[in-house]
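Engineer: this one's sequence-less:
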């Protein structure tokens, strides 16, 4: 069925807007290449659809989190683009998919190098150096061992050496400059290879963070890479939930679980088909705002598993069958909603549920 079912929320994804964001970032990343990070199902918006649109626009490098994501993307895109798996994988686990593992420890280097030597064909890989995140990546002692013995790399075709910024969304944080210095020093001690440095926010830190391959993720999807400053990215999604019922209640009547909201006047309450099971966070209860026909409507009472209520007392035009934009409209962008919920836009996007009808704008 091509359209949404009765009562089904619609998640609209603007692929040309995502492509335009990538092109803007590509211009900023010059002369280096700019990848598309499509992990977590394209930040909840559909990795395959997003990657196909970016590939058509000229993107030739993609990053996913895990092997299952990489295999699915390779099946959809075919053999051409580089698909790198940030969490790595064991040699031959990718079968014929020709994915690129990110090597996050010296043990990863050893096992992939040995596999390359045994096959007589150098294995493509990306080397990850930890410079301050303290998650994945070769730590300081491992970097020293590798610098002292370049023979450990025999059997590998290292496409890039990368690191990951911990505080790029805080431009004045001292760790940014520290990581840049540590990365430069570590790279200088290794055989010459191309570098991959900046994430979305890192691309806005200045020329000292430029490299051969930038890896933007959130900015592609409209999340502000410069919190506290105007968002330079286009918005790319809109989530609209249908009104299932409009109920008139007297002053003093309560709405929803816990009777947490009490009508201060005779009110009209619109109940829409979206809730925390769909990734619309419960912490938005009583805080968020929706949009209908360009005007705001406040969320009242608690967000429940499948339903959310809005006060439409001042909107007599809203009736059953109308749709209220709960995410992606004016006043309720992912960043704005996340701020109200005490989280970040990433969490809202990546938590979008499976019950939506997804409608892709293609051009």
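Structural biologist: Cool, the structure landed. Quick caveat, the model's predicted, so the values are computed rather than measured. Residues are numbered from 1 along each chain as shown.
Engineer: burial measure for the nearest residue to residue 208 once chain neighbours are set aside, as a count.
Structural biologist: For residue 208, ignoring the flanking residues on the chain, the nearest one in space by C-beta to C-beta, 6 or more residues apart in numbering is residue 180 at 5.6 Å. Using the backbone N, CA and C atoms, a C-beta is placed for each residue, glycine as well. Neighbouring residues of residue 180 were enumerated by other C-beta atoms under 10 Å; the total is 21.
Engineer: now do residue 119
Structural biologist: Here the neighbour count serves as a burial measure; for residue 119 (other C-beta under 10 Å) it reads 12.
Engineer: separation between the residue most central in space within the chain and residue 328?
Structural biologist: A centroid search over the chain (C-alpha atoms, centre = their mean) returns residue 43, at 3.5 Å, as the residue closest to the centre. From residue 43 across to residue 328, the span is 13 Å (C-beta to C-beta, to the nearest Å).
Engineer: where in the chain is pLDDT low?
Structural biologist: 1 (pLDDT under 70).
Engineer: element containing residue 110, please.
Structural biologist: For residue 110, the element it lies in under DSSP states H and E is helix 106-119.
Engineer: now do the helix or strand that that helix is followed by and helix 106-119, the angle between them.
Structural biologist: Taking DSSP H and E as the definition, the helix or strand that follows helix 106-119 towards the C-terminus is strand 123-128. With axes from the mean of the first three to the mean of the last three C-alpha atoms, to 10 degrees as the criterion, the two stretches strand 123-128 and helix 106-119 enclose an angle of 170 degrees.
Engineer: still on that earlier bit, and the helix holding residue 110, what's buried?
Structural biologist: By neighbour count, with 16 or more other C-beta atoms under 10 Å as the criterion, the buried positions of helix 106-119 are 106, 108, 109, 111, 112, 113, 115, 116.
Engineer: need these in CSV with distance to residue 233, can you?
Structural biologist: Below are the buried residues of helix 106-119 laid out as CSV (distance: C-beta to C-beta, whole Å):
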residue, distance to residue 233
106, 37
108, 34
109, 36
111, 39
112, 36
113, 39
115, 40
116, 39
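Engineer: out of those, who's nearest residue 10?
Structural biologist: residue 108 (42.5 Å; C-beta to C-beta).
Engineer: which residue packs closest to that closest one, ignoring adjacent ones?
Structural biologist: Closest residue to residue 108 apart from its sequence neighbours, by C-beta to C-beta, 6+ apart: residue 88 at 5.6 Å.
Engineer: the one you found reaches residue 101, doesn't it?
Structural biologist: Yes - in this structure, residue 88 is within contact of residue 101 by C-beta atoms under 8 Å, at 4.5 Å.
Engineer: now the common contact residues for these two.
Structural biologist: Here residue 88 and residue 101 have residue 108 as joint contacts, going by C-beta atoms under 8 Å, 6 or more residues apart in numbering.
Engineer: residue boundaries of the strands in the stretch 151-300 of the chain?
Structural biologist: 156-162, 195-196, 213-214, 237-249, 254-255, 261-262, 267-272, 289-292, 295-300 (DSSP state E, counting those that start in this stretch).
Engineer: ok, which of the ones you listed comes nearest residue 335?
Structural biologist: Comparison of the strands of the stretch 151-300 of the chain against residue 335 by C-beta to C-beta identifies strand 237-249 as nearest, at 11.9 Å.
Engineer: who does that closest one pair up with?
Structural biologist: Strand 237-249 has these partner strands in its sheet, going by DSSP bridges: strand 10-14 (antiparallel), strand 267-272 (antiparallel), strand 323-327 (antiparallel).
Engineer: tell me which residues of that strand are tucked away?
Structural biologist: Applying a neighbour-count criterion of 16+ other C-beta under 10 Å, one finds 237, 238, 239, 240, 241, 242, 243, 246, 249 buried in strand 237-249.
Engineer: pairing partners for the fifth one in the sheet, please.
Structural biologist: For residue 241, the beta-bridge assignment (DSSP bridges) gives partners residue 324.
Engineer: am I right that residue 285 is in contact with residue 299?
Structural biologist: Yes - the pair residue 285 and residue 299 passes the contact test of C-beta under 8 Å, sitting 7.2 Å apart.
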